[in-house]
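A.B. asks: Have a look; sequence and predicted model below, questions after that.
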Amino acid sequence: MHKKAGLAATVILFFSAIGFAQDDGRFDFSLNGSAIFTNQSSGNGITQSATEGGGGFGTIKMRFKPRHSVMFNYGRMKNSQVYQTVDNFHVLTNISEYTGAYMFSPFRKGKFKPFVFAGGGWLSFSPRTTWVFFPPLANNVPNNIQVDLNAAKQSQLAVLYGFGTDYDLRWRFALRLQYRGLFYRDPDFKVDASSGSSVSLFTGAKSHMAEPSVGIVFRF
């Protein structure tokens, strides 16, 4: 009898906690799809850029005051990092994001709830394969070859900022539209003279990645 009463009390407290979280919008989780666009930078005689790419990320947000929240992000993206030296190197790359940010929601207008955020973390660049591209050759003659530069995984600190809005849907769901930007130092995959390589991918420059995205939010 006491066990059943304790179980019933636990269930009541659990659902009461969920109801409280819903009332004040304390927590939410979102899954987002994104496109990524990277600016061109240069340094050390090398011009660095990246192909357009895409990926996705998840966000957990905790609201501690009506207009103030903190959020934590994990994401995965893919593109090719491009280095123009004497030759044109393309490093096919997986990018992992680990960031956190403070979010400010200034007001609510009907179903819309705009926000801005800023924070930081790091990006992890994992090389897959490296290719050298040449000017177009004769028909049906490949103009690229795969090379091994001993490219290694590398992490770079990043500054994150952005803005967007949530649009309330039915029940606990919302649509999230946002723009995110990331500042970071160009990766070189540890390919430089210090690694014994005859090729250097080190620019020492900073890059900016623009990331428009759309996602679904679940509040709990």
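C.D. replies: Yep, that arrived.
A.B. asks: So which residues of this protein form helices?
C.D. replies: 2-24 (DSSP state H).
A.B. asks: Return the set of buried residues in the top strand by length along it.
C.D. replies: Taking DSSP state E as the criterion, the chain has its longest strand at strand 112-133. Buried residues in strand 112-133, defined by neighbour count with 16 or more other CB atoms under 10 Å: Lys113, Pro114, Phe115, Phe117, Gly119, Gly121, Leu123, Phe125, Ser126, Pro127, Thr130. For the C-beta atoms, the positions are set from N, CA and C on the backbone; glycine is no exception.
A.B. asks: pLDDT for these - can I get that in JSON lines?
C.D. replies: Formatted as JSON lines, the buried residues of strand 112-133 follow (pLDDT from 0 to 100):
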{"residue": "Lys113", "pLDDT": "96"}
{"residue": "Pro114", "pLDDT": "98"}
{"residue": "Phe115", "pLDDT": "98"}
{"residue": "Phe117", "pLDDT": "98"}
{"residue": "Gly119", "pLDDT": "98"}
{"residue": "Gly121", "pLDDT": "98"}
{"residue": "Leu123", "pLDDT": "98"}
{"residue": "Phe125", "pLDDT": "98"}
{"residue": "Ser126", "pLDDT": "98"}
{"residue": "Pro127", "pLDDT": "97"}
{"residue": "Thr130", "pLDDT": "95"}
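A.B. asks: Would you enumerate the residues in contact with the nearest residue to Gly121 once chain neighbours are set aside?
C.D. replies: Excluding the flanking residues, the one nearest Gly121 by CB to CB, 6 or more residues apart in numbering is Thr99, at 3.2 Å. Thr99 sits next to Phe72, Asn73, Gly119, Gly120, Gly121, Trp122, Ala158, Leu160, Leu182 when contact means CB atoms under 8 Å, 6 or more residues apart in numbering.
A.B. asks: Need the per-residue pLDDT for Thr99.
C.D. replies: Predicted confidence (pLDDT) for Thr99: 98.
A.B. asks: Likewise for Arg26?
C.D. replies: The confidence metric pLDDT takes the value 89 at Arg26.
A.B. asks: For the nearest residue to it once chain neighbours are set aside, give the beta-bridge partners.
C.D. replies: Sequence neighbours aside, Arg63 is the residue nearest to Arg26 in space, at 5.1 Å (criterion: CB to CB, 6+ apart). With DSSP bridges as the criterion, Arg63 is bridged to Ser69.
A.B. asks: Does Arg63 touch Met71 like I think?
C.D. replies: No - with contact defined as CB atoms under 8 Å, Arg63 does not count as touching Met71 (9.5 Å).
A.B. asks: Can you name the residues bridging to Leu31?
C.D. replies: Note on Leu31: beta-bridge partners by DSSP bridges are Gly58, Ile216.
A.B. asks: Show the contacting residues for it.
C.D. replies: Under the criterion of CB under 8 Å, 6+ apart, the contact partners of Leu31 comprise Gly56, Gly58, Gly215, Ile216.
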